[in-house]
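Asker: Please work out how this folds:
(chains A, B and C)
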Amino acid sequence: MSRIITEAGLRELAEAWLRDGQAVAGPSEVKLGLIQYRPITAAARLLFDGFVHPANSIKEFFFPRHEPLYRYRLEGSRVVLEDCEPPAVKQLVFARPCDAAALPVLDHVFNWDCADEFYNRRREATTVVTLACSRYDDECFCTSVGLGPAAEQGADAVLFALGGGAFEVRPTTAKGDAAFADRTEESDRTATPFAGPPRRVALPRVEFDSPVWEDATLECLGCGACAYTCPTCHCFDIVDEGNAAGGMRAKNWDSCQFSLFTLHASGHNPRHAQPRRQRQRIYHKFHIYPEKFGPILCTGCGNCARQCPAGLGVLNVLKAIEASHAEHLPA
Amino acid sequence: MRNIYRPELMQVIDARRQTPDVKSVRARFLDPAAGRDFSFRVGQFGIFSAFGYGESTFNICSSSNWRDHIEFCFRKTGRVTEALWEIDEGDTIGFRGPYGNWYPMEEWEGKNLIFLGGGIAMPPIRCAIWYALENRERFGEITIVYGARTVADLVYVDELDKWAAGPGVRVIRCVDPGGETPGWTGEIGFVPMVFERAGVPAGNSVALVIGPPVMIKYTLPVLDRMGIAPQDIYTSLENRMKCGLGKCGRCNAGECYVCKEGPVFTMEQLSRLPTDY
Amino acid sequence: MSETNGFEPKIVAYVCNWCTYLGADLAGTNRLEYPPNVRLIRLPCTGRIDFNLIVKAFEMSADAVLVSGCHPGDCHYTAGNYHARRRWMLFRPLLEALGFDLRRIHFTWISAAEGRKFQQVIAEITESARKLGPYRPYEANGESKWRPAGLPPPKRRSGDDASLRTTARELLAEGKAGVVIGRGERGPVLARKPEDADRLTWNGASKIALTAYLKRKEVRALGKPAIVAGPADLRALNVLEQESQIRREDIHVIAAEGPGAAPPDFSDLDALLQLEPGERMAYWAGEFDRCVKCYACRQACPLCYCERCIVDKNRPQAIDTSAHARGNFAWHITRAFHLAGRCVGCGACTRACPAGIDLRLLNQAAARAAERQFGYRAGADPKAEPLVGVYSLTDKEEFIG
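Answerer: Okay, the predicted model is just below:
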């Protein structure tokens, strides 16, 4: 037996959250041909299927691109600080499995040694409902990083399309259970497994000193499109905005692909050329993060390749690394 | 909600011009309880802020024995340091910290200490020097070689004499050729050469070497010739940082987050790190 | 007073040191009363007024802005006011396309002797701003349903792939080029070895302008570049040459067509301008709400070649780096203005944007003004004088009071 819900039922669920004054976010068509995860104000705008992956990730709902940390006010030589807090509303986020899978990975960095409560508060307040994939494109490589079209990591409930506007619901946490309580029907229909994309690359050993960086990443133009649409990239800047009377200090997204990212005040820059910055990104995902925290910092969503203006992206670089290893094998 | 990014407020009790573009600042916690609870180990750093301009990372260059205030020292090079340059006694600044690891002063006990510093790198050595002098009986001979490009670029000049007056302390100051003034009584030459000429006995020594990359590059062979092992040579990295909490992702050299596992490293540790610093 | 609920507008006036400021001074010494709503900011010359300052004034809740300087012929620096006039001829259409209320943006010539004119201008501007009510341009009301038709799909290039590959292979093999910059099936290709030439194709994919690679120091380090150039690339090369960024003899150009003579297609911009200003602003507010400041637009642009972009400069921080409405408007306005009279219409900014923002429309606002007011098309002629940077005594000034 399974629990099923109709598409109308899902929209009714979203509407109920909105009516309650809570937030709902999910894939929605922002303009012709462009689907993004967006906060939505009407459940009708939610898209459930008919596309592979939105052009961004759900990390924005946990780690916003701009997050005020506290406000300051200057009164003579006195400074008054006022904490900022994330909004208290609960969020319901409809996501792809590869986006949800980034959350348990991000939990590590935001909580090791000391806890970033801005992230944690949002994480606690959010119920993530994923819809298992039933299609993929050339950039998808979840199956190459140990995930798959129905990965449960980070999801509170997983939906499976049954066709005919019905979805099987498999809650994985209490939050997911609560979200669907009284909203599902018993059924004997269950989803047929979907294999997802073929394995596209065997995760290669990533070496710091290798000619592959220069060979395979020179096309990178140094924008942040990959990092900012990546569900796992989490680098940030801390900036002040304001004037002599008052203002705020905020945490803003930042990217290791920017040339200023590691520029010292002295003018020295350890990552002075783009291939070094690309190396940092790949090395961080497949060596540094797993060494430190266990999981790799990539869910194979493919957004980096889809959004890279220069046609790069993690998968392509991994393939180049794999090829370079093959080249160096004794004949 | 505990906000790990929120600084403590500190009142500036002294701001002193060390060179035409370097200032040292002493500050005290505005909240006496925060001051009482605060402790750090020499070698750790703090993130200091000028509100409206931003945060910047500096070594806490006072000794950890001083309970009344902490001190930091900076060169005017960017937005935040330009704003900090303007602060005066009585002004309020922000402080987060202490962050990072520290000099293993306990491990150094019973050993001779060699401090080699160049230019603005004296402050992160100064805290260790004061600490050693305040616990003089625990350490062996102390040698301090401090050089800068010109006489005007030397910081904490007034303290060099105080250190030299200590028992078993040898202070050698030097400036690059051409950087001397008519009344200059110190050495003329670069830190590595001046240090080698000084013929400091190397047995049972640890060295703390902080300075521009070129100084470190030429100092290491000298220490090697003296027989000081890489695991006894320490330095402090100054990778760019924002959060100091191992989250913002920019200070790492390979899997080592300099803000957490550093900034203090031995040369032996550095040799195993990717050259991303 | 009663009809405006006591609203007192804030007017920011950027005035030149030599004429208008003295005119204001004269108004003061002559006891000519003018409304206290105006905040005078003295600058050396109108030619020195960065458009960031206008944007900044609105950011800081000005309700109207005035720029005022010496009459033509009177500039203390000979021609600063002429430069200002020309730049305004391009900047105003940009603000118009963004949906700014142009009734709140004023430009006048006021001499040191015109204390009375100063008094009148301030009184008029204050009165009009009072009638218009408070101005919070970025807090757009509502959502615009308008959508541009968007960039047309790239035209098929007529070149022959086999001969392209032969040319590239030979250039690389003979050491005549260190890198051949072209397109491959997946995106741009930087061919460095003769065998890489096989990856090149005339009709490959590229969201960026290949000429954008000419600014990359990693690419410059490879030796003399050869570039597989389409019409827009050729126009970009012309602008880069005009601006002394490249010498043509230092670049090997492989082209199958000329830079193109057909007039640009402004139909989307024309449609945008049919909307009410408020809806235009709402449209852009909706678009910029998706901007995450990844700077793909800048990186993909052949003409954004500054070593350090203004948004990356922080002394002062002219543009907020935060990706909020204020920071995003300031960024896109500034970038569009920096491309005024320079944008070659390659569309790379729009294609590269991961948030699907049609940034091309902003650049077109200035390009259309350049075309209509000056008959100038960026990149058409490498020997032409850059549009912004020179002036003419006959530049139109119907917007100047």
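Asker: so what's B:N252 up against?
Answerer: By Cβ atoms under 8 Å, 6 or more residues apart in numbering or on different chains, the contact set of B:N252 is A:280, A:284, A:288, B:239, B:258, B:276. For every residue, glycine as well, the C-beta is placed using N, CA and C.
Asker: And the residue of chain C that's closest to chain B?
Answerer: Minimum separation of chain C from chain B (Cβ to the nearest Cβ) falls at C:N314, amounting to 4.5 Å.
Asker: what's the closest non-adjacent residue to that residue?
Answerer: Among residues not flanking C:N314 along the chain, B:R79 sits closest, at 4.5 Å (Cβ to Cβ, 6 or more residues apart in numbering or on different chains).
Asker: Summarise which helices and strands the host helix or strand of B:R197 is packed against.
Answerer: B:R197 is located in helix B:191-198, with elements delineated by DSSP states H and E. Counting by 3 or more Cβ pairs under 8 Å, 6 or more residues apart in numbering or on different chains; DSSP states H and E, the packing neighbours recorded for helix B:191-198 are strand B:112-118, strand B:142-148, strand B:169-175, helix B:213-226.
Asker: For the ones you listed, please prepare a markdown table with the additional fields distance to C:I400, mean neighbour count and mean pLDDT.
Answerer: Converted to a markdown table, the helices and strands packed on helix B:191-198 look like this (distance: least, Cβ to Cβ, whole Å; neighbours: other Cβ atoms under 10 Å in any protein chain shown; pLDDT from 0 to 100):
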| stretch | distance to C:I400 | mean neighbour count | mean pLDDT |
| --- | --- | --- | --- |
| strand B:112-118 | 58 | 24 | 96 |
| strand B:142-148 | 56 | 25 | 96 |
| strand B:169-175 | 59 | 21 | 96 |
| helix B:213-226 | 56 | 16 | 93 |
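Asker: Reformat those as a markdown table; add distance to chain C.
Answerer: Listed next are the helices and strands packed on helix B:191-198 as a markdown table, based on distance: least, Cβ to the nearest Cβ, whole Å:
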| stretch | distance to chain C |
| --- | --- |
| strand B:112-118 | 27 |
| strand B:142-148 | 26 |
| strand B:169-175 | 30 |
| helix B:213-226 | 21 |
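Asker: okay if I get these as a markdown table plus distance to C:L190?
Answerer: Listed next are the helices and strands packed on helix B:191-198 as a markdown table, based on distance: least, Cβ to Cβ, whole Å:
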| stretch | distance to C:L190 |
| --- | --- |
| strand B:112-118 | 40 |
| strand B:142-148 | 44 |
| strand B:169-175 | 47 |
| helix B:213-226 | 31 |
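Asker: B:T19 is nearest to which of these?
Answerer: Nearest of the helices and strands packed on helix B:191-198 to B:T19, taken as Cβ to Cβ: strand B:142-148 at 8.2 Å.
Asker: who's in contact with the closest one?
Answerer: Here strand B:142-148 makes contact (Cβ under 8 Å, 6+ apart) with B:112-119, B:122, B:125, B:129, B:132-133, B:154-155, B:160, B:163, B:166, B:168-176, B:179, B:187, B:189-191, B:194-195, B:198, B:200, B:215.
Asker: quick one: least confident helix or strand in the chain?
Answerer: You didn't pick a chain, so chain A it is. Ranking every helix and strand in chain A by mean pLDDT, DSSP states H and E puts helix A:314-328 at the bottom, with a mean of 88.
Asker: oops, chain C please
Answerer: helix C:51-59 (a mean of 90).
Asker: any idea how far it is from the chain center?
Answerer: 15 Å (Cα atoms, centre = their mean, to the nearest Å).
Asker: swap in stretch A:205-224?
Answerer: Centroid displacement of stretch A:205-224 relative to its chain, using Cα atoms, centre = their mean, is 22 Å.
Asker: Identify each buried residue in it, please.
Answerer: For stretch A:205-224, a neighbour-count test (16 or more other Cβ atoms under 10 Å in any protein chain shown) marks A:206-208, A:210, A:212-224 as buried.
Asker: Tell me which stretches of the chain form strands.
Answerer: All of this refers to chain A. A:2-6, A:23-31, A:34-40, A:66-75, A:78-83, A:91-95, A:126-131, A:157-163, A:166-171, A:185-187, A:236-242, A:246-253 (DSSP state E).
Asker: wrong chain, I was asking about chain C
Answerer: Per DSSP E, chain C carries strands over the ranges C:11-16, C:38-43, C:64-69, C:105-109, C:179-183, C:188-191, C:225-229, C:252-255.
Asker: Adding mean neighbour count and mean pLDDT, write those strands out as a markdown table.
Answerer: Formatted as a markdown table, the strands of chain C follow (neighbours: other Cβ atoms under 10 Å in any protein chain shown; pLDDT from 0 to 100):
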| stretch | mean neighbour count | mean pLDDT |
| --- | --- | --- |
| strand C:11-16 | 26 | 97 |
| strand C:38-43 | 17 | 96 |
| strand C:64-69 | 27 | 97 |
| strand C:105-109 | 22 | 96 |
| strand C:179-183 | 27 | 97 |
| strand C:188-191 | 25 | 96 |
| strand C:225-229 | 24 | 97 |
| strand C:252-255 | 17 | 96 |
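Asker: OK, contacts around residue 87?
Answerer: Let's take chain A. A:A23.
Asker: Correction: the question concerned chain B.
Answerer: Going by Cβ under 8 Å, 6+ apart, B:I87 touches B:12, B:15, B:25, B:50, B:93.
Asker: before we move on, the earlier item: and the least confident helix or strand of chain C with chain A, contact?
Answerer: No. Judged by Cβ under 8 Å from any Cβ of the partner chain, helix C:51-59 stays clear of chain A, getting no closer than 10.7 Å.
Asker: tell me the domain boundaries of chain B?
Answerer: Segmentation of chain B into domains, based on automatic domain parsing, reads B:8-99, B:105-236.
Asker: ok, back up a step: buried ones in the helix holding B:R197?
Answerer: Residues B:191-196 are the ones in helix B:191-198 that count as buried (16+ other Cβ under 10 Å).
Asker: so that helix versus strand B:169-175, what angle?
Answerer: Put simply, helix B:191-198 runs at 130 degrees to strand B:169-175, going by axes from the mean of the first three to the mean of the last three Cα atoms, to 10 degrees.
Asker: Closest residue of chain B to chain A?
Answerer: For chain B, Cβ to the nearest Cβ, closest residue to chain A: B:G249, 3.5 Å.
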